[in-house]
Every structure is written in structure tokens, then in C-alpha cells.
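> build the 3D model from these lines:
(chains A and B)
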Amino acid sequence: MFTKDNNILVKDIMLNLESFPIVQEKLILKETLEKMNQFKLGIACIVNPKNVLTGVFTDGDFRRLLLKEQKPLGQLFMEDTIDVSRKKFISIDPSEKLTRAFDLMESKKIWDLPVTDVNCKIIGLVHLHPVVKALI
Amino acid sequence: MKEINVGYGNVKKVCIGENKPLVFIGGPCAIESKEHSFKMANLIDKICSKLKIPWIFKSCYDKDCRSAPDSFHGVGIEGGLKILSEVREEFNIPVISDFSEVEWAKDTGKVCDFVQVPAYLCRQTSILRAAAETGRPIHLKKGQFMSPWNMKNSVRKLESFGCNEILLADRGTFFGYNQLVNDMTCLPIMKSTGYPVCFDATHSIQLPTSMGNISGGQREYIPNLVRAAAACGINALFMEVHDDPPKALSDSNTVLDLEYLEVILTHAKAFHNLKMELQNIYGEDNVHKR
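Numbers count the residues shown, from 1 in each chain, chains lettered A, B, ... in the order given. Predicted coordinates for the structure are as follows:
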């Protein structure tokens, strides 16, 4: 049973920068997929050299890419991750209430929500499991 | 799209990039003698001046990829670079040569305005490092065994060694044995690295080692391939040219007879200009949005 009136904040439960895949824009897709496997998460956050979040790439994006692109897998693997990533994405401020993050994730049907500061720099990731745990 | 600027000192500067005039890179495959190099540079220069095509003189001092041990190997690095240096001074044109030994890179870069990495060596890290360390723009040929998308690995290697002026060239891809094929999609694919691209027409029609211990070729297809490549948006065209192909000391079965250079360059320039004109009116090709 969720207690939606609790005061837990996003920053209280977000995964820290060492706990989810953050990749540079020009990392080839194959290596991004390996990073996602390494962290066992269905999202990679793509950042520019200033650590600003410029794209996200999810398991769903990969499924859609596979069905849309008819190029050989070897060619697809060589794509710069930024070129195949989603540039329109949502993120949340660390000082937001966790219930707000949960509602957002529910409405967008997503499992992971990047956390960014006022300068759009990546600072964490809200993953659904810890959210559920915190809110139960 | 990045631009590359070829030419140091007093030679005519040549810029290769998008929305720029098509650049011709050409000359005899191997340096045969000072007299022959001067003769060829003079004759090609007259044609390029007439057609207003910026160009770079190409000729190599060492041909390390010959099939037979007794084939002409080249005049050697010292004599060859001296001749190239004299050509650039005499005609005020930039020059290019490849190198196949790491220790030759430095001297090659001292003389040549543009340094070429041979197709067979296009993924050798030590060669790419040596090329980048010359500080010159690099003409990187796609190996006949390489996919165009994997050339990004070689590009990234060059970038990691400090080079950010790269021209990527297609010279055909192995199709079974003793045969090459040109997949024109490799030109936009290589261009997606952000660097300009070149089409090497005379090596593309090569039949590698098809004559036992030397390579054959099908020159008759040069004009078709040149037009196709120009329509695909190349930024430079590469062709080896000789005034007497049967007597050429290297690649005699593939070098273009000088007699046909003017008409082929005329076609290439016309197709290149038409491509630019259409692109400027209708914009970039974009029929597969992501």
C-alpha cells in the first residue's frame, strides 16, 4: 500500500552516478549496450563533455531501432549512441518529492527517470524498484 | 562537416569539404623519374587550370604492396621526396605520397602537404599514429576488406592521436577473389563520420592480382564510376594518371591514360556541381527520419 503523503525526496533514493550507465555521446552503440548489461538497467544516460544530459537510450528504444533500421547489426553497433538516442526526454529535480517522480513515471510508463540539476547536468537516476520500496 | 586544408608554404592552398569545388588528387602511381614527374605535373596542371579544378599531385616513392618481388618497388624515400619537393616548388601545387613504414612518416610529412595511409594499412595503429604525428592532413583509404562503418574506428584512432583533418576514400571492396566492387553507399556512410570523402576511381576498377603476379583492371568503367561517385556527393576525386600506361612502372593496367583526363574531370565537375546545386535548392537528403 503506497503512502503518497510521505515526504521522501527524489535525492533520498536516487541511484548515485556510479550506479547506472552514463555514456559519452560518441560511444558506439555496442559499448553502450554492454554498459547497460553491466548495470542491469534498461536505460543509458548520454551526456556531453560537460556532463549535461543530452539523450537517453532505453531497452524500448533499442527494440524500436531494431525494427526500424534495416542495416546490418555490425553497422548498427558502430552508430554513435547520441545518434540513435532519444533527445526529447523527461528528467526531474532532486528536490522534488518522490511521489511526484512516481506519478511522472506512472503516467509516462517508464521505469527509470534521470535526475538533473538546474544546469541539466546528470546527478542521479530514479529507478522504479527503490521508489516502490520507499513508498510502501 | 569538417573541412581539410591542404598546402603549406607557397603552394596553392586546397580546401576539401562540403559546398567546395571538387578537388582532384592525381598523378602517376609511382615516381619514375624527376623528368617524368615534372612532365606529368605540367600536363595535369594545364588541364586542371583550364577546367578550374584545384588539384594535388600524387606520386609514391615506395610501392610496398607489389605482388611480385621483382616488380618496380619505387625510387626510394630520399630520392622520391626530393622529386616531390621539386615538383611542389616548380608548380606551386601541393603534393601527396603514402608511406608504409612507421619510420618514413616524419620525412614524408616534412615534404608532403598531404599524407596518405595505404588501404592495406588503414587499421594499423602504429601507422595511424605515425601519420597523425606528421601534423599534416591525412588521406585515409578504406581497406578493400573493411566495411565503411568500421572506418570510424580508424578515424577515432587518428583523432585520439591528435589528427582532425581526414579525407576518407573508397577504392573498392573485395568481392570474392581477384575482384572489387564499389558500393556507393559507402560514401555517405563514411561521410557520416563528419569528414569529407574521396573516390579513388583507378584503384576501384582494379582486378587485384588477377594476372597471376600483377593486378589487372577494367579501365572502361572509370567514367561510369566517376559519375556515380560525383552524384553521391564526393568532395575529392582520386585517379592515377600516366601519359603512356603500357609503359607505366606501377599499376599499368589501371592508370588512366592522360588523354582521357580532361573529359573525365569535366564530367566529374559537372556532376559535382549539379549535386551541390540540387542540395542547395532542396536541402540535404533526408528520406529516412529517425
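> next one: residue B:89 from chain A, what distance?
41 Å (C-beta to the nearest C-beta, to the nearest Å). To be clear about C-beta, it is placed using only N, CA and C from the backbone, and glycine gets the same treatment.
> show me where pLDDT drops low in the chain?
All of this refers to chain A. Within chain A, the stretches with pLDDT under 70 are A:1-5.
> was after chain B, sorry
Answering for chain B: no residues sit below the bar, that is pLDDT under 70.
> quick one: residues contacting the residue in it positioned nearest to chain A.
Among the residues of chain B, residue B:149 lies nearest to chain A; the distance is 4.2 Å by C-beta to the nearest C-beta. For residue B:149, the contact set (C-beta atoms under 8 Å, 6 or more residues apart in numbering or on different chains) comprises A:74, A:75, A:78, B:189.
> near chain A, which residues of the stretch 51-200 of chain B?
Within the stretch 51-200 of chain B, the positions lying close to chain A (C-beta under 8 Å from any C-beta of the partner chain) are B:147, B:149, B:150, B:152, B:153, B:189.
> cutoff 6 Å now
By C-beta under 6 Å from any C-beta of the partner chain, the residues of the stretch 51-200 of chain B that approach chain A are B:149, B:152.
> and the helices in the stretch 51-200 of chain B?
Shown for the stretch 51-200 of chain B, the helices assigned by DSSP state H, counting those that start in this stretch span residues B:77-91, B:105-111, B:125-133, B:151-160, B:186-191.
> same check, this time on chain A
Assigned by DSSP state H, chain A shows helices spanning A:10-13, A:29-39, A:59-68, A:73-77, A:81-84, A:98-108, A:128-135.
> so which of those helices comes closest to chain B?
Per C-beta to the nearest C-beta, nearest to chain B of the helices of chain A: helix A:73-77, 4.4 Å.
> just the buried positions in that closest one, please.
Buried residues in helix A:73-77, counted by 16 or more other C-beta atoms under 10 Å in any protein chain shown: A:75, A:76, A:77.
> and the second one, what does it touch?
Counting by C-beta atoms under 6 Å, 6 or more residues apart in numbering or on different chains, residue A:76 makes contact with residue A:69.
> how far away is it from residue A:67?
From residue A:76 over to residue A:67 the distance is 12 Å, taken as C-beta to C-beta, to the nearest Å.
> over to the first one?
Residue A:75 is 16 Å from residue A:67, where distance means C-beta to C-beta.
> swap in the last one?
Relative to residue A:67, residue A:77 is positioned 16 Å away (criterion: C-beta to C-beta).
> excluding covalently adjacent residues, which one is nearest to residue A:108?
residue A:90 (6.4 Å; C-beta to C-beta, 6 or more residues apart in numbering or on different chains).
> okay, the helices of chain A, which one's buried deepest?
Compared across those, helix A:81-84 shows the largest average neighbour count, a mean of 18 (mean count of other C-beta atoms under 10 Å in any protein chain shown).
> what about that one, distance to the chain center?
14 Å (C-alpha atoms, centre = their mean, to the nearest Å).
> give me the helices and strands touching that helix, please.
The helices and strands touching helix A:81-84, judged by 3 or more C-beta pairs under 6 Å, 6 or more residues apart in numbering or on different chains; DSSP states H and E, are helix A:29-39.
> ok, residues contacting the helix it packs on?
The contact list for helix A:29-39 (C-beta under 6 Å, 6+ apart) reads A:20, A:21, A:23, A:44, A:77, A:79, A:81, A:84.
> re the thing from before, the helices of chain A: which one's closest to residue B:173?
helix A:73-77 (13.8 Å; C-beta to C-beta).
> wait, what's in contact with residue 22?
Since you didn't name a chain, this refers to chain A. By C-beta under 6 Å, 6+ apart, the contact list for residue A:22 reads A:45, A:47.
> nope, chain B please
B:269, B:272.
> now do the phi/psi pair for the residue nearest to residue B:178 when sequence neighbours are not counted.
Closest residue to residue B:178 apart from its sequence neighbours, by C-beta to C-beta, 6+ apart: residue B:210 at 4.2 Å. In terms of degrees, to the nearest 10, the main-chain angles of residue B:210 are phi -70, psi -20.
> in this structure residue B:210 contacts residue B:216, no?
Yes - using C-beta atoms under 6 Å, residue B:210 is in contact with residue B:216, at 4.1 Å.
> so residue A:115 makes contact with residue A:94?
Yes - using C-beta under 6 Å, residue A:115 is in contact with residue A:94, at 5.3 Å.
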